[in-house]
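A.B. asks: what follows is a predicted structure for the sequence shown.
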Amino acid sequence: MELDTSLRRLCAISGPSGRVGAVVDTAAELLRPLVDEVSRDKLNNLFGMRRCGKKGAKVVLLDAHLDEIGFVVTGHEEGFLRFSTIGGVDPRMLPGREITLMTEPEGFGVVAAKPPHVLSAGEADKAISLDNLRIDVGLNQEEAQRRYPVGTTAVYRQEYTHLQGERVASKALDDRAGFCTLLRTLELLQDDQLNVDVCVLGSNMEETGGEGAAAAAYHVHPDYAVAVDVTFATQPDVSKDKGFTLGGGPVIGVGPNMARWLTRRFQEQAKSLGMEERLEIMSGNSGTNGWDIQIAREGVATQVLSIPLRYMHTPIEVIDLRDVEQTAQLLAAVVRTLGEEGAVC
């Protein structure tokens, strides 16, 4: 798998929570050569199962969500579109942004922005509330209502771009970088005889609360699970005790959302691979699908594994591709050991 090419393909597709069909189609195409079977459920969760061939083998679920944050049209005003958000959108990011509207063919709009020359002193110092923002699609009222009816979904319009070295910027790196990590993990495991069946999950609706992963985990009934998502990278306005350096490798979650023995397993394998041990303390809800997967049915031994990312939930998220590769290396190393454990707690 060419990591950069696969990630570019996935990030280019519009797919907010609840509208991931096109993303799932491409993700399934990438997944199919690496597993024994591919399927999807009623919520548009994507499943890829690789069986080890051993009777009674336990199942490990590897999750990364395919949905991204987005927008939905709620009304029309003199040809402009009123809208609400899907997932955690920061309104400060919106004025002047380009938007892709998910119609056939796709539409284009910009979030209206008042020129700085006409801002009052009070306006210049404040973020504009979502209620006062509109999308300009260049149409009159009648045409806007016909072309972009209420319920039309939209996402940021942003191309996948290479920065210096191995760093890239794009919308939707949260969490399509995670899904590419799972693809790379399967590739690394291709020639291994495993003791577990591996189910890769490309989940829907993480950005709206984790409903997709909750239903998927109930369906798969795994013995273990790893949620691969993103965490905060260091940047000028994020202190080093709250962020992780890009290019330094994966970040291992520690806290009540994680099975302690599984956390230790990741720590041990990171050490054996010569990786820096980077721990993120998650004292409560991890904010990932791991929170919902952990309580599926009678409970699942769960771990959260994270890729550092700058500018989360903006159209110019930034990652280092070396972190994706190292996260896959660590995940593959742990999967190779599963099924060998004795008592766990």
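C.D. replies: Sure, I can see it. Numbering: from 1, shown residues only.

A.B. asks: mind checking how far the closest residue in space to residue 217 that isn't next to it in sequence is from residue 60?
C.D. replies: Nearest non-adjacent residue to residue 217, counting by CB to CB, 6 or more residues apart in numbering: residue 296, 3.5 Å away. To be clear about C-beta, it is placed using only N, CA and C from the backbone, and glycine gets the same treatment. Relative to residue 60, residue 296 is positioned 14 Å away (CB to CB, to the nearest Å).

A.B. asks: pLDDT wise, what is residue 295 at?
C.D. replies: Confidence at residue 295, expressed as pLDDT, is 97.

A.B. asks: quick one on the thing from earlier: which of residue 296 and residue 60 has more neighbours?
C.D. replies: Comparing residue 296 with residue 60 by other CB atoms under 10 Å, the one with more neighbours is residue 60, at 25 against 21.

A.B. asks: can you pull the contacts of that one?
C.D. replies: Shown in contact with residue 60 (CB atoms under 8 Å, 6 or more residues apart in numbering): 196, 197, 198, 199, 222, 223, 224, 225, 226, 335, 338.

A.B. asks: what of residue 141?
C.D. replies: Counting by CB under 8 Å, 6+ apart, residue 141 touches 76, 77, 78, 79.

A.B. asks: let's see it at 6 Å
C.D. replies: 76, 78, 79 (CB atoms under 6 Å, 6 or more residues apart in numbering).

A.B. asks: now the strands for the stretch 101-250 of the chain?
C.D. replies: 107-111, 135-136, 153-156, 161-162, 167-170, 196-203, 224-232 (DSSP state E, counting those that start in this stretch).

A.B. asks: tell me what angle the longest one forms with strand 196-203.
C.D. replies: Using axes from the mean of the first three to the mean of the last three CA atoms, to 10 degrees, one finds that strand 224-232 and strand 196-203 are set 40 degrees apart in direction.

A.B. asks: could you measure residue 207 against residue 312, distance?
C.D. replies: Distance, residue 207 to residue 312, by CB to CB: 11 Å.

A.B. asks: quick one on the thing from earlier: drop anything exposed from the contacts of residue 141.
C.D. replies: Buried residues within the contacts of residue 141, counting neighbours by 16 or more other CB atoms under 10 Å: 76, 79.

A.B. asks: just send the contacts of residue 141 back as CSV, with secondary structure and pLDDT too.
C.D. replies: Shown next, in CSV, are these (DSSP: H, G, I helix; E, B strand; the rest coil; pLDDT from 0 to 100):
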residue, secondary structure, pLDDT
76, strand, 97
78, coil, 95
79, coil, 96
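
A.B. asks: thinking again about what came up before, can you list the strands of the stretch 101-250 of the chain in CSV and add mean pLDDT and mean neighbour count?
C.D. replies: Shown next, in CSV, are the strands of the stretch 101-250 of the chain (pLDDT from 0 to 100; neighbours: other CB atoms under 10 Å):
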stretch, mean pLDDT, mean neighbour count
strand 107-111, 97, 19
strand 135-136, 97, 20
strand 153-156, 98, 24
strand 161-162, 97, 12
strand 167-170, 98, 20
strand 196-203, 98, 26
strand 224-232, 98, 26
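
A.B. asks: TSV for these, including distance to residue 27?
C.D. replies: Below are those laid out as TSV (distance: least, CB to CB, whole Å):
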stretch	distance to residue 27
strand 107-111	24
strand 135-136	28
strand 153-156	16
strand 161-162	21
strand 167-170	16
strand 196-203	5
strand 224-232	14
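
A.B. asks: which residue sits closest to the residue positioned nearest the centre of the chain in space, ignoring its chain neighbours?
C.D. replies: Nearest to the geometric centre of the chain sits residue 175, at 1.7 Å (CA atoms, centre = their mean). Closest residue in space to residue 175, ignoring its immediate chain neighbours: residue 65 at 4.7 Å, by CB to CB, 6+ apart.

A.B. asks: report pLDDT for the one you found.
C.D. replies: pLDDT at residue 65 comes out at 98.

A.B. asks: that one touches residue 207, doesn't it?
C.D. replies: No. In this structure, residue 65 is not within contact of residue 207 by CB atoms under 6 Å, at 7.3 Å.

A.B. asks: neighbour count winner among these two?
C.D. replies: Applying other CB under 10 Å to residue 65 and residue 207 shows that residue 65 carries more neighbours, namely 28 against 23.

A.B. asks: for the more buried one, what are phi and psi?
C.D. replies: Backbone torsions for residue 65, taken as degrees, to the nearest 10, come to phi -90, psi 150.

A.B. asks: re earlier: and the strands of the stretch 101-250 of the chain: which comes nearest residue 246?
C.D. replies: Closest to residue 246 of the strands of the stretch 101-250 of the chain is strand 167-170 (CB to CB; 6.6 Å).

A.B. asks: residues in contact with that closest one?
C.D. replies: With CB under 6 Å, 6+ apart, strand 167-170 has contacts from 11, 160, 161, 162, 163, 316, 318, 320.

A.B. asks: so the third one bridges to which residues?
C.D. replies: According to DSSP bridges, the partner residues bridging residue 161 are residue 169.

A.B. asks: quick one: low-confidence parts of this structure?
C.D. replies: Scanning the chain with the threshold set as pLDDT under 70 gives 1, 114, 116-125, 341-345.
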